[in-house]
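Asker: whatever this is, show me its structure:
(2 chains)
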2 protein chains.
Amino acid sequence: MLAVTILGNNSALPAFDRHPTSQVVTLDDQLFLVDCGEGTQMQLSKYRIRWGRINHIFISHLHGDHYFGLPGLIHSMGLLNREHDLHLYAPAELISILQLQLDAAGSSLPYQLHFYPLSAEGVLLQSDRFKVSCFQTRHRIPCWGFRFEQVKLPRKVNPEKAIRHEVPSSFFDELKKGSNYTRKDGTIVDNNLVTDPGPRPLSYAFTADTIYDEALIPWVAGVDMLYHETTYLKELNDRAAARFHATTHQAATIALKARVGRLLIGHFSSKYDKLDQFESEAREIFPNTDLALEGVTFKI
Amino acid sequence: MLAVTILGNNSALPAFDRHPTSQVVTLDDQLFLVDCGEGTQMQLSKYRIRWGRINHIFISHLHGDHYFGLPGLIHSMGLLNREHDLHLYAPAELISILQLQLDAAGSSLPYQLHFYPLSAEGVLLQSDRFKVSCFQTRHRIPCWGFRFEQVKLPRKVNPEKAIRHEVPSSFFDELKKGSNYTRKDGTIVDNNLVTDPGPRPLSYAFTADTIYDEALIPWVAGVDMLYHETTYLKELNDRAAARFHATTHQAATIALKARVGRLLIGHFSSKYDKLDQFESEAREIFPNTDLALEGVTFKI
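Answerer: Numbers count the residues shown, from 1 in each chain, chains lettered A, B, ... in the order given. Sure, this is the predicted structure:
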C-alpha cells in the first residue's frame, strides 16, 4: 500500500487557510513525514494521523515554510511520552538549530533522535520492505527530493502446481525468491511453472521546491505518483525562474517526460485564492493530475 | 485605550483547537505582541489583526510554546514587504537561534530587526504615551513578565472657566501640564480652578509562566487587568509546583493580594477539555475573573 496525505499545500506565506508544506507518506506499515511547515502538529491532529507511528522525518531544505513546524513537533512528541527512536534526514545545519533550541529551553527529549545530514544522492535507508532515496533539486539554497519505493516483492507460490510438480513445501521460501527446484532424480522444475510474479512494487517521488530541471527526470522516472511543485500558473514563467520555482506547465512536462503514473501539484503561491486553473493548466499537458488538497489522501 | 486580544491560551501541547501562548496588547495606537507560540501568524490573520502595526514583540521565555511561531512571523513580515523597524525583547539566546535560521535559509530580512536581550528588571521602553517594564517570574528557566501602562495623561482645560479667570489660550498647554497661571497684576490662578484631571492611566500586566510567587505582587500591584497563568485546577497544587506552574486559586490569590481590577486566566493544560471549572474556581477567590478565550478582546 502506498498513499500520500497532504497536510500543507501552500508556499511561504500561509493564506486562504492553506498551510506550508507537509505531507505524510504511508508505505505499507510505515508513516514517513515529508517536510514540516509551521502548524504541522496541528494538521496531524486535525486529520487524526497517529504521530506515534512516524519514525522517519525528511526535510527537503531549510526555508522556513518547510521546517518551522519541526521544533514544535519533536517537542510535542516528547510531551506525549514517546520513547521509541526518531530518525531525521535533513540538511546539516538543522541539527545545530534544534540543539540551540533544546539548550535554551533547558530540555532534552525523552527519546533518541538520530540525525542524518543529507550529503550525497542515492539510497538513504533501506529495509526488506522499502527503500528511500534522495536527490538534489535546483532551488535557491541546497534542496533535496525524496523517492519512496517498495522493494521488489517475492513471487507467489501456487501450492497446487507445486504439489503436482513434486516440490516439497519446505522449498516454498526458495521458490518465492525465484529459485528453481531440483528433484532427487536430477530433473529441474522451472520456478515459473509453480509461481506467479509478486505484486508490482509501488513508488512515489517528492521533488520539493525546484526550478524546471530535466536533471530530475532520471530520479523520478516511472514512479506511480509524482509530487511536483507549481508555485505559479504558466503565465508567470519568468517569475518562477527568477525565484527557482516551477509553473503548472513545467511540472506537467516533467511528469510527461518521466512517464509517471499520476501527478500531484502543490506549493501554491499566496497570490492565488482559487486553484482551479492550476489543475486545468497542468491537465493540458498531463491529464492525470490532481491538486494536492489538504486533508486528502491520495492512494495508489 | 487598553485592550488585550487572546491568540493562544493553551500550554505546551496544542489541544482542543487551543493554541500555544500569544496575545496582542493594544495601548492607544500601539500594538504589542506578547509571546508567539506556533501558529501565531495564522491566528493574527484569522482574527484580522493588522500585523503591519506591530512594532514591538515581547518574548517571556524560551520554552517552545512561547516562541516557535516567531521565526515564521518575522519571515512572513518580510514577505509582506515590511520596511519599518521591528523591536524584539527576549532572552539573549533567541537572537542566535534566529540568526542561524536566517543563515540556513540564505535570507536576510528586508527591514531592520532590533534585538534587546532581557537582562534587568525595570523599564524596557518608554515614550510620552506609554511605558513597558519587565520583571522576572519564577519558572523552570529564566522567564519574564511585562507591565504595560499609559503614561500619566495631561489635565483637561475647561475653556469656559479659563476665560472667566482671564487665562489666555496661549497658556493652555502649560495648564495641561499642571502649571498655575500668574496674571499681569501678580495674582495667581490655581490650576485646579480651570482644569480637570486627565483620564486615569490604564495598565496591564502579563506574568507569563510562573509558580505561585508573591514576589510578583509589587510588579503587578494595582493594574487594571492582570493575566496570570492557571495551568492546573486547584486540586493539582503539587503538580503545579513541581512543574513551576500555578493553579486557579493561586492566580486568583495573587490578583486579590495585588488589588488588581480584573483577572484573565490562561495557559490551560492539555489534559483539560472543558474550561468552566477554571473560571468558577478562580472566582471563588477573585470574582472579576475571565477565561482568556482565543479570539476575544478584553477591553478596559
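Asker: for the rest of this, base every contact and every neighbour count on C-alpha atoms.
Answerer: Fine.
Asker: residue contacts, the residue in the stretch 201-300 of chain A positioned nearest to chain B?
Answerer: Closest approach of the stretch 201-300 of chain A to chain B (C-alpha to the nearest C-alpha) occurs at A:Ser270, with a separation of 10.3 Å. Contact criterion C-alpha atoms under 8 Å, 6 or more residues apart in numbering or on different chains gives A:Asn10, A:Ser11, A:Ala12, A:Leu13, A:Pro14, A:Ala15, A:Phe16 as the residues in contact with A:Ser270.
Asker: can you tell me which of those residues lies closest to chain B?
Answerer: When those are compared for distance to chain B, the smallest value, 5.9 Å, is given by A:Leu13; criterion: C-alpha to the nearest C-alpha.
Asker: thinking again about what came up before, where does the residue of the stretch 201-300 of chain A closest to chain B land in three-state SS?
Answerer: Remark: A:Ser270 carries the secondary structure label coil [criterion: DSSP: H, G, I helix; E, B strand; the rest coil].
Asker: state the distance from it to A:His228.
Answerer: 17 Å (C-alpha to C-alpha, to the nearest Å).
Asker: pull out the buried members of the contacts of A:Ser270.
Answerer: Listed as buried from the contacts of A:Ser270 are A:Asn10, A:Ser11, A:Ala12, A:Leu13, A:Pro14, A:Ala15; burial here means 16 or more other C-alpha atoms under 10 Å in any protein chain shown.
Asker: list the contacts for A:Lys271?
Answerer: When contacts are counted by C-alpha under 8 Å, 6+ apart, A:Lys271 is found next to no other residue.
Asker: top helix in chain A by residue count?
Answerer: Ranked by residue count and defined by DSSP state H, the top helix of chain A is helix A:93-104.
Asker: now do the contacts for the residue in the stretch 101-250 of chain A that chain B sits nearest to.
Answerer: Using C-alpha to the nearest C-alpha, the single residue of the stretch 101-250 of chain A nearest to chain B is A:Ala105, 5.0 Å away. By C-alpha under 8 Å, 6+ apart, the residues touching A:Ala105 are B:Leu62, B:His63, B:Gly64, B:Ile141.
Asker: contacts only, for the first one.
Answerer: The one in question is B:Leu62. B:Leu62 makes contacts with A:Gln101, A:Ala104, A:Ala105, B:Pro91, B:Leu94, B:Ile141, B:Cys143, as judged by C-alpha under 8 Å, 6+ apart.
Asker: pLDDT wise, what is the third one at?
Answerer: What the model reports for A:Ala105 is a pLDDT of 95.
Asker: let me see the mean pLDDT of the host helix or strand of A:Leu7.
Answerer: Using DSSP states H and E, A:Leu7 sits within strand A:2-8. What strand A:2-8 shows for mean pLDDT is 98.
Asker: hmm, back to that, pull the most distant pair out of the contacts of A:Ser270.
Answerer: Farthest-apart pair in these is A:Ala12 and A:Phe16; separation 12.6 Å (C-alpha to C-alpha).
Asker: ok, back up a step: next one: the next helix or strand after the strand holding A:Leu7 to chain centre, how far?
Answerer: Reading on from strand A:2-8 to the C-terminus, the next helix or strand found by DSSP H and E is strand A:22-27. The chain centre lies 6 Å from the centre of strand A:22-27; the measure is C-alpha atoms, centre = their mean, to the nearest Å.
Asker: so what secondary structure elements neighbour strand A:22-27?
Answerer: Using 3 or more C-alpha pairs under 8 Å, 6 or more residues apart in numbering or on different chains; DSSP states H and E as the contact criterion, the neighbours of strand A:22-27 among helices and strands are strand A:2-8, strand A:30-36, strand A:143-150.
Asker: now mean neighbour count and distance to B:Glu121 too, for those, in TSV please.
Answerer: Below are the helices and strands packed on strand A:22-27 laid out as TSV (neighbours: other C-alpha atoms under 10 Å in any protein chain shown; distance: least, C-alpha to C-alpha, whole Å):
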stretch	mean neighbour count	distance to B:Glu121
strand A:2-8	25	42
strand A:30-36	24	37
strand A:143-150	24	44
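Asker: okay, those in JSON lines with distance to B:Ala215 next?
Answerer: Below are the helices and strands packed on strand A:22-27 laid out as JSON lines (distance: least, C-alpha to C-alpha, whole Å):
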{"stretch": "strand A:2-8", "distance to B:Ala215": "45"}
{"stretch": "strand A:30-36", "distance to B:Ala215": "41"}
{"stretch": "strand A:143-150", "distance to B:Ala215": "50"}
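Asker: mind putting these into TSV with distance to chain B?
Answerer: What follows is the helices and strands packed on strand A:22-27, written out as TSV (distance: least, C-alpha to the nearest C-alpha, whole Å):
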stretch	distance to chain B
strand A:2-8	13
strand A:30-36	12
strand A:143-150	11
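Asker: identify whichever of the ones you listed lies nearest to A:Gly266.
Answerer: It is, among the helices and strands packed on strand A:22-27 and with distance given as C-alpha to C-alpha, strand A:2-8, at 8.6 Å.
Asker: tell me the gap between that closest one and the middle of its chain.
Answerer: 9 Å.
Asker: can you check stretch A:157-166 too?
Answerer: Per C-alpha atoms, centre = their mean, the displacement of stretch A:157-166 from the mean C-alpha position of its chain is 39 Å.
Asker: C-alpha coordinates for that stretch, PDB please?
Answerer: The C-alpha atoms that make up stretch A:157-166 are tabulated as PDB, following Å, rounded to 0.1, in the frame of the first residue of the first chain:
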ATOM      1  CA  VAL A 157       3.800 -19.900  -4.800                       C
ATOM      2  CA  ASN A 158       0.900 -21.700  -6.400                       C
ATOM      3  CA  PRO A 159       0.600 -24.700  -4.000                       C
ATOM      4  CA  GLU A 160      -1.500 -26.900  -6.300                       C
ATOM      5  CA  LYS A 161       1.000 -26.600  -9.100                       C
ATOM      6  CA  ALA A 162       3.900 -27.000  -6.700                       C
ATOM      7  CA  ILE A 163       2.500 -30.300  -5.400                       C
ATOM      8  CA  ARG A 164       1.700 -31.500  -8.900                       C
ATOM      9  CA  HIS A 165       5.400 -30.900  -9.800                       C
ATOM     10  CA  GLU A 166       6.600 -32.700  -6.600                       C
END
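Asker: report the buried residues of that stretch.
Answerer: Of the residues in stretch A:157-166, A:Val157, A:Ala162, A:His165 count as buried by neighbour count, 16+ other C-alpha under 10 Å.
Asker: ok, A:Met77 - contacts?
Answerer: A:Met77 touches A:Trp51, A:Gly52, counting by C-alpha under 8 Å, 6+ apart.
Asker: against A:Leu264, how distant is the nearest residue to A:Lys299 once chain neighbours are set aside?
Answerer: Beyond its immediate neighbours in the sequence, the residue positioned closest to A:Lys299 (C-alpha to C-alpha, 6 or more residues apart in numbering or on different chains) is A:Ala3, lying 4.2 Å away. Using C-alpha to C-alpha, one gets 12 Å for the distance from A:Ala3 to A:Leu264.
Asker: over to A:Ala242?
Answerer: Applying C-alpha to C-alpha, one obtains 23 Å for the distance of A:Ala242 from A:Leu264.
Asker: compare the two (neighbour count), which wins?
Answerer: Just comparing A:Ala242 and A:Leu264: by other C-alpha atoms under 10 Å in any protein chain shown the higher neighbour count belongs to A:Leu264, 24 against 11.
Asker: how close does A:Leu113 sit to A:His56?
Answerer: 10 Å.
Asker: likewise for A:Met42?
Answerer: Here the criterion is C-alpha to C-alpha. By it, A:Met42 lies 18 Å from A:His56.
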